[in-house]
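In: give the three-dimensional model of this entry:
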Amino acid sequence: MTVATALRTHRCGSLRREHAGLTVRLGGWVHRVRDLGGVIFIDLRDRDGLVQLSFDPKVTSKAVIEKAGTLGAETVILVEGKVELRPESARDAALASREVEVKVTGLDIVGPAATPVIPVARKEGEDLPAEELRLKHRFLDLRRPELARVVIGRSYATTYLESALIARFMLALTVVLAGGQAAETLIFDEVDSGIGGATATAVGERLKRLSQHFQMLVITHSPQVAAMADQHWCVAKETFRNNAITSVSALDKKQRREEIARLLAGATITDEARAAADKLLAEAR
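Out: Numbers count the residues shown, from 1 in each chain. The predicted structure is shown next:
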């Protein structure tokens, strides 16, 4: 995923072979430094992962190489350089961005760091520091990629569940207050997250009741909710040249039946799914 800002063009862990030839700006923490006597390699880390930086005299100025030689672990830096494919034999299986490296031409030190009390980077098979040290310096321990992934995953799960619960609470509240509302259009997104069967049907019935008072726009993946709508629009997304393109199209009666059957069956639509879609549409009338 590309998240460009005024300081960076890409995230470290997002670089792949299709980016070869691009000049990029990256920012992150120095994860590991390897000085091979003239050529310096640095693994740069951000929340998306790691990428290897190469400070090669053939490309990088002497001043930049000397500055790179002073960098310690966890120093925050900004770099600019060209993405190039790494030789097959030099690709690191531990990096998602293992096929590429960045040949650095510019380096800025944003946040110098003292040597960490406990290391964030570990070699394969290397033992962890003592638990009491890791607990005392938790802010460093949580930077380890394996722990960071757990924290980020838990955050995504919590956000997803909370948004679904809040959406359903707002639906219930809106139904109760519908008679006194002055709004003309209501929009609900993910109101049916994590539910199905009779619960999804109940949500659909309340949305339909609200539609007697307002224009309702509901973004749903639930066949029960979709079947109760007066009109059905299909929203599709695709990626083209690193840009997300969204298209919206109105569905006719036949297309609507197929789309509800797809929500029921998945990619392969069966006759049983079509029959179930017909039943849902008939019950919603």
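In: what sits against residue 239?
Out: residue 245 (CB atoms under 8 Å, 6 or more residues apart in numbering). For every residue, glycine as well, the C-beta is placed using N, CA and C.
In: tell me the SS of it?
Out: Look at residue 239: counting by DSSP: H, G, I helix; E, B strand; the rest coil, its state is strand.
In: show the pLDDT at it.
Out: For residue 239, the model assigns a pLDDT of 79.
In: how near is it to residue 247?
Out: 13 Å (CB to CB, to the nearest Å).
In: so where is the stretch 51-200 of the chain shaky, pLDDT-wise?
Out: 90-97, 124, 156-184, 190-195 (pLDDT under 70).
In: skip the chain neighbours and tell me the closest residue to residue 281.
Out: Among residues not flanking residue 281 along the chain, residue 227 sits closest, at 5.1 Å (CB to CB, 6 or more residues apart in numbering).
In: so who does the one you found touch?
Out: Contact analysis of residue 227 by CB under 8 Å, 6+ apart lists 204, 260, 277, 280-281, 283-284.
In: nearest to residue 10, of these?
Out: Of all the contacts of residue 227, residue 10 sits closest to residue 260, with 39.3 Å by CB to CB.
In: if we only consider the contacts of residue 227, which is nearest to residue 221?
Out: Nearest to residue 221 among the contacts of residue 227 is residue 260, at 11.0 Å by CB to CB.
In: with adjacent residues omitted, what lies nearest to residue 74?
Out: Once flanking residues are discounted, residue 74 sits nearest to residue 113: 4.1 Å by CB to CB, 6+ apart.
In: on that earlier part again, need the worst-confidence member of the contacts of residue 227.
Out: In terms of pLDDT, residue 284 ranks lowest among the contacts of residue 227, with 76.
In: from what I can see that residue touches residue 225, true?
Out: No: assessed by CB atoms under 8 Å, residue 284 is found out of contact with residue 225, at 9.6 Å.
In: more neighbours: which of these two?
Out: Between residue 284 and residue 225, counting by other CB atoms under 10 Å, residue 225 is the more crowded of the two (28 against 17).
In: burial measure for residue 231, as a count.
Out: Residue 231 has 7 neighbours, counted by other CB under 10 Å.
In: how is the chain partitioned into domains?
Out: Annotated domains of the chain cover 12-111, 164-284 [automatic domain parsing].
In: which residues of this protein fall in strands?
Out: 23-35, 40-46, 49-55, 76-85, 100-111, 185-189, 215-219, 233-240, 243-250 (DSSP state E).
In: any idea which of these is most buried?
Out: strand 49-55 (a mean of 24; mean count of other CB atoms under 10 Å).
In: ok, and the most crowded of the contacts of residue 227?
Out: residue 260 (27 neighbours).
In: skipping its backbone neighbours, what lies nearest that residue in space?
Out: Excluding the flanking residues, the one nearest residue 260 by CB to CB, 6+ apart is residue 277, at 4.1 Å.
In: so what's the one you found up against?
Out: Residue 277 makes contacts with 223, 227, 257-258, 260-261, 264, as judged by CB under 8 Å, 6+ apart.
In: which of those residues fall in helices?
Out: Mapping the contacts of residue 277 onto helices (DSSP state H) picks out 223, 227, 257-258, 260-261, 264.
In: which pair in these has the greatest spatial separation?
Out: 227 and 258 (12.8 Å).
In: can you put the domains of the chain in a markdown table and add distance to residue 136?
Out: Formatted as a markdown table, the domains of the chain follow (distance: least, CB to CB, whole Å):
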| stretch | distance to residue 136 |
| --- | --- |
| domain 12-111 | 17 |
| domain 164-284 | 36 |
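In: residue 155: which of these is closest?
Out: For residue 155, the closest of the domains of the chain is domain 12-111, at 10.9 Å, according to CB to CB.
In: and that closest one, how far out from the chain's middle?
Out: Centre-to-centre, domain 12-111 and its host chain are 23 Å apart (CA atoms, centre = their mean, to the nearest Å).
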